[in-house]
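[1] Here is my input, please return the structure:
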Amino acid sequence: MLQAVSVLAQPSVYALRQVTHPPSFPPLDSHSKILNNSPLIPRSSSLLKSVKPQPKDKIHNLRHNLEKSLVHSFKLNCLSPILPTVLPWLFSSPNIIFSLTKFPERSSPPFVYRSHFQDIINSYTNPTICYTDGSKTKDKADFAFSINNCTQAHRHRNTTSSFTMELQAIFSCLEHLLTLPLSSSPTPILIISDSLAALSSISKPSLHPLTTRTHALLTTFASNHTHITFIWAPGT
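    Down below sits the predicted model:
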């Protein structure tokens with residue numbers, strides 16, 4: 001399942017869904033243009049349309065079938081666990097805004113979310129806006145993130161869960177942000193995700209390999225006096 005990041009998404013976020021067809025979405029100059037014109041983003045049938053790898057010979061086909069059969073017997077994880085960087089009783093929860101959850105998704109029209117989302121964005125001065133998204137369908141898994149309209153998308157092993165893909169998107173976004181040049185006066189960073197499960201996971205101590213790694217990155221940002229805020233926004 002790969003949900004849309006948000007009905008409030010910028011072109012870069014829409015590109016998370018159709019990353020193989022970038023010419024269809026010419027870049028826009030401002031965040032406000034999208035808030036006024038963005039369509040609802042479709043669900044997983046059109047998201048992250050990367051091509052499914054086809055086995056080229058019997059060995060690849062055997063490997064593909066073996067991986068599918070093993071997942072029913074073993075819980076595979078690509079990352080080994082690491083110890084949390086902070087003791088549980090000293091853990092300080094990241095700043096996560098869940099205020100949009102008070103509006104029922106099925107009955108609230110898009111303009112309600114856009115209006116309240118814009119209020120949240122306007123409360124920050126010159127923020128760096130990021131969107132993250134993860135996808136898990138029957139035969140493939142993908143994740144992507146966007147930082148100020150620059151989008152990256154990646155495939156993952158096909159047996160990965162959608163929850164792990166959402167966490168991977170957040171972790172990879174933070175990891176990429178650390179590679180960017182530091183500003184003399186760091187601006188706030190807003191990371192928007194439509195995954196309540198992923199945001200809830202990073203809101204508290206956890207032994208999940210991706211969650212503990214995300215907490216470690218957040219500690220690094222805090223030491224650099226960079227303020228990061230997560231925002232939940234609904235999918236469609």
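
[2] my read: Arg155 touches Ala144, true?
    No - Arg155 lies out of contact with Ala144 (Cβ atoms under 8 Å); the separation is 10.2 Å. C-betas here are computed from N, CA, C, even on glycine.

[3] can you give me the helices in the protein?
    11-17, 31-37, 58-70, 110-122, 162-177, 196-202, 209-223 (DSSP state H).

[4] if I pick Ser172, what's in contact with it?
    By Cβ atoms under 8 Å, 6 or more residues apart in numbering, Ser172 lies in contact with 132, 143, 145, 152, 154.

[5] 10 Å instead, please
    The contact partners of Ser172, by Cβ atoms under 10 Å, 6 or more residues apart in numbering, come to 132, 134, 143-145, 152, 154, 210, 214.

[6] where does the chain have low pLDDT?
    1-60, 63-64, 66-81, 85, 236 (pLDDT under 70).

[7] Grab the longest strand from it for me.
    strand 128-136 (DSSP state E).

[8] quick one: strands adjacent to that strand?
    strand 141-147 (antiparallel), strand 189-193 (parallel) (DSSP bridges).

[9] among those, which is the most enclosed?
    strand 141-147 (a mean of 26; mean count of other Cβ atoms under 10 Å).

[10] send the alpha carbons of that strand over as PDB?
    Presented in PDB, the C-alpha positions along strand 141-147 are these (Å, rounded to 0.1, in the frame of the first residue of the first chain):
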ATOM      1  CA  ALA A 141       8.400  -2.000  -2.700                       C
ATOM      2  CA  ASP A 142       9.500   1.600  -3.200                       C
ATOM      3  CA  PHE A 143      10.200   4.700  -1.200                       C
ATOM      4  CA  ALA A 144      10.800   8.300  -2.200                       C
ATOM      5  CA  PHE A 145      11.400  11.700  -0.600                       C
ATOM      6  CA  SER A 146      11.400  15.300  -1.800                       C
ATOM      7  CA  ILE A 147      13.400  18.200  -0.500                       C
END
